[in-house]
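**Student:** sequence below, structure please.
(one chain, ligands or ions: 1)
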Amino acid sequence: MLNSYLDVGIQSRINRIISPKDNRTVMLAIDHPYFQGPTTGLHDMSKTIKMLMPYCDCLMTTRGAVRHNISADVLGSKPIMLRVTGGNSVLFEELSDERITVTIKEAIRMDAAGVAVSVFIGSPNQQRTILNLTDMINEAEEYGIPVLAVTAVGKTMARDLRYLALASRICQDAGARIIKTYYCDEFDKLVKACAPTPVVVAGGKHSSAPEALEMAYKSVQAGAVGVDMGRNIFQDDNPIGMIKAVRAVVHDNMTPKEAMDIYQSCAGEACKLE
Ligand code: 5RP
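**Tutor:** Numbering: from 1, shown residues only. The predicted structure follows:
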């Protein structure tokens, strides 16, 4: 397609986040302290990022991490998906009361390839968080920055097709360029409901390597462009083995069983992150 038909800046940044070669991505989510403070696997966030960054396609993280936890020698080596909403903590039962916390100018200054906004559909702050998303899209698109919408589920929301497809489709309709959601049964229906907007899947709570690989495999086979995975990588006993195995599932369509061989082959050098 000729460039003149494209929204060039947006497309160029999306190409840095999702490989145009295979339309797949392994995003590494390291944004958890923004609402849960000290997090297992991220107590030395600089070390976690330095160890895992070479293996991801894009790092989803926060302003604080970009400022303080990405060492100068690797800064700029991978695109950043900058989280730009927050304002709550795990100390409060209701997590949905978020606002935009980072301006688009700051995101541009930090060379973000995209910005991420959480929406809490069905929560008491549904409208506020959808408007956070649309406000950020209105601003970011002026500068050619794609917005990723995160369908956050808080502590109580169901993770079934009905809920996740509803939340994801609302994000697409608002103008999100990438949607991050959770895997569920009949996931292909969610992907179809949001097409052609790319969908990435969050990892969720740390489970086990075979389970997380199975989830990643089912997601991409159902049409997701990849994962935006955090705890199932950096909280694993073998984080490098895990991210390499996830890459094999996402980029090479390896089965979880085949990918486990890659995981095991790295077990000797495994280094658990604190
Ligand atoms: C969910 C988020 C998280 O902060 C995080 O990115 C999730 O990653 P994982 O579930 O794989 O640890 O965006 O709202």
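**Student:** CA only for contacts and neighbour counts going forward, please
**Tutor:** Noted.
**Student:** residues in contact with Glu106?
**Tutor:** Contact criterion C-alpha atoms under 8 Å, 6 or more residues apart in numbering gives no residues in contact with Glu106.
**Student:** following element in sequence after the helix or strand encompassing it, please.
**Tutor:** For Glu106, the host element (DSSP states H and E) is helix 104-109. Next in sequence after helix 104-109, counting helices and strands by DSSP H and E, comes strand 114-119.
**Student:** identify the residues contacting that next one?
**Tutor:** Under C-alpha under 8 Å, 6+ apart, the answer for strand 114-119 is 13-14, 80-85, 96, 98, 100, 107, 126, 129-130, 132-133, 136, 145-152.
**Student:** which among those are in contact with the ligand?
**Tutor:** Ala152 (C-alpha under 6 Å from any ligand atom).
**Student:** which ones among the contacts of strand 114-119 map onto strands?
**Tutor:** Mapping those onto strands (DSSP state E) picks out 80-83, 85, 100, 147-151.
**Student:** Asp44 versus Leu148, what's the distance?
**Tutor:** According to C-alpha to C-alpha, to the nearest Å, Leu148 and Asp44 sit 26 Å apart.
**Student:** the more surrounded of these two?
**Tutor:** Neighbour totals were compared for Leu148 and Asp44, and Leu148 leads with 27 against 14 (other C-alpha atoms under 10 Å).
**Student:** tally of neighbours for Pro54?
**Tutor:** Counted with other C-alpha under 10 Å, Pro54 comes out at 15.
**Student:** make that Arg128, sorry
**Tutor:** Arg128 has 18 nearby residues by other C-alpha under 10 Å.
**Student:** next one: Met60
**Tutor:** 26.
**Student:** identify the bridge partners of it.
**Tutor:** Taking DSSP bridges as the rule, Met60 bridges to Ala29, Met81.
**Student:** and it, what does it touch?
**Tutor:** So Met60 contacts 27-31, 80-83, 228 (C-alpha under 8 Å, 6+ apart).
**Student:** what would those look like in TSV with distance to Ala167, neighbour count and pLDDT?
**Tutor:** Putting those into TSV (distance: C-alpha to C-alpha, whole Å; neighbours: other C-alpha atoms under 10 Å; pLDDT from 0 to 100) gives the following:
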residue	distance to Ala167	neighbour count	pLDDT
Met27	21	28	99
Leu28	22	28	98
Ala29	20	24	98
Ile30	23	24	98
Asp31	21	22	98
Ile80	24	26	98
Met81	20	26	98
Leu82	21	27	98
Arg83	19	28	98
Asp228	17	26	98
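**Student:** can you tell me which residues contact the spatially most central residue of the chain?
**Tutor:** Taking C-alpha atoms, centre = their mean, the centroid of the chain lies closest to Asp228, which sits 3.3 Å from it. With C-alpha under 8 Å, 6+ apart as the criterion, the residues that contact Asp228 are 26-29, 60, 180, 200-203.
**Student:** number of residues surrounding Gln235?
**Tutor:** Around Gln235 there are 22 residues (other C-alpha under 10 Å).
**Student:** just give the nearest non-adjacent residue to it, would you?
**Tutor:** Closest residue to Gln235 apart from its sequence neighbours, by C-alpha to C-alpha, 6 or more residues apart in numbering: Gly41 at 5.1 Å.
**Student:** pretty sure that neighbour sits against Ile49.
**Tutor:** No - counting by C-alpha atoms under 8 Å, Gly41 stays clear of Ile49, with 10.3 Å between them.
**Student:** enumerate the residues of this structure near the ligand.
**Tutor:** So the chain meets the ligand at 29, 31-32, 152, 202-205, 229-231 (C-alpha under 6 Å from any ligand atom).
**Student:** change it to 8 Å
**Tutor:** 28-35, 60-61, 118, 150-154, 180, 202-206, 228-233 (C-alpha under 8 Å from any ligand atom).
**Student:** pLDDT below threshold where in this protein?
**Tutor:** For the chain, the stretches with pLDDT under 70 are 1-5.
**Student:** nothing else from me, thank you.
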